[in-house]
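Chemist: Quick one, structure for this:
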Amino acid sequence: MQSINQRIYFLYGYRVEYVHKHKRLANEKGLDIYQSALERLYDDGFKIEQDGSIYIAKLIEDLYHERELLKKYSKRPSYLGYWDLKDIHNPHYYPLGDASEIQEEMRKSIISSSCEQNDADINELIYDLSDREIIKHNYLYQDDPRLQAQFSPSYCKSLRQYYK
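Modeler: Sure, this is the predicted structure:
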């Protein structure tokens, strides 16, 4: 039986591969989810030149591209910690750098945003913004009416247990 750390390690490796593949697909369709996320943050009152805003946009981009993994892994008890962005050991932070520093920078960006509360929940904020990007750019399913935006995966609906 594998330990939880091994399972998360394998999931992380699979996730990296999956995200790279879907970034290539989006690029072929002319979509830049990172830029779209930055524009959304700007519209929501964030200062997009701040490191924290850049980190938030990068997390949104990764979550957008791994949304299909949400369906596969969100209900598995052994992977529940994988989705908690408040945890500094969360694998989503590995490619970005030091998780403590990243979370601190994101908190600074949230505090200086004109539209967010100082106590905004990281999970709720990032998952809501990710869901909005999924609905806006649902390129994978544009030809299948059964899988249009209203039926796309939702972090907010699937991961309620991680909100404050």
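Chemist: With residue 153 as the reference, measure out to the closest residue to residue 100 other than its chain neighbours.
Modeler: The shortest distance from residue 100 to any non-neighbouring residue, by C-beta to C-beta, 6 or more residues apart in numbering, is to residue 88 (5.4 Å). Heads up, the C-betas are built off the backbone N, CA and C, glycines and all. Residue 88 sits 25 Å away from residue 153, taking C-beta to C-beta, to the nearest Å as the criterion.
Chemist: more crowded one of the two?
Modeler: Using other C-beta atoms under 10 Å as the criterion, residue 88 and residue 153 rank with residue 153 on top: 19 against 12.
Chemist: and the residue nearest to residue 100, what is it in contact with?
Modeler: Neighbour list for residue 88: 99-100, 103 [criterion: C-beta atoms under 8 Å, 6 or more residues apart in numbering].
Chemist: Can you flag the buried ones in those?
Modeler: 99, 103 (16 or more other C-beta atoms under 10 Å).
Chemist: Secondary structure element for the residue nearest to residue 100, which one?
Modeler: Applying DSSP states H and E as the criterion places residue 88 outside every helix and strand.
Chemist: Now it, what are its backbone angles?
Modeler: Phi and psi for residue 88, reported as degrees, to the nearest 10, are phi -70, psi -10.
Chemist: Return the per-residue confidence for it.
Modeler: Here, the pLDDT recorded for residue 88 equals 89.
Chemist: need the contacts of residue 88 in a markdown table with distance to residue 71, secondary structure and pLDDT, can you?
Modeler: Shown next, in a markdown table, are these (distance: C-beta to C-beta, whole Å; DSSP: H, G, I helix; E, B strand; the rest coil; pLDDT from 0 to 100):
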| residue | distance to residue 71 | secondary structure | pLDDT |
| --- | --- | --- | --- |
| 99 | 26 | helix | 93 |
| 100 | 30 | helix | 94 |
| 103 | 27 | helix | 95 |
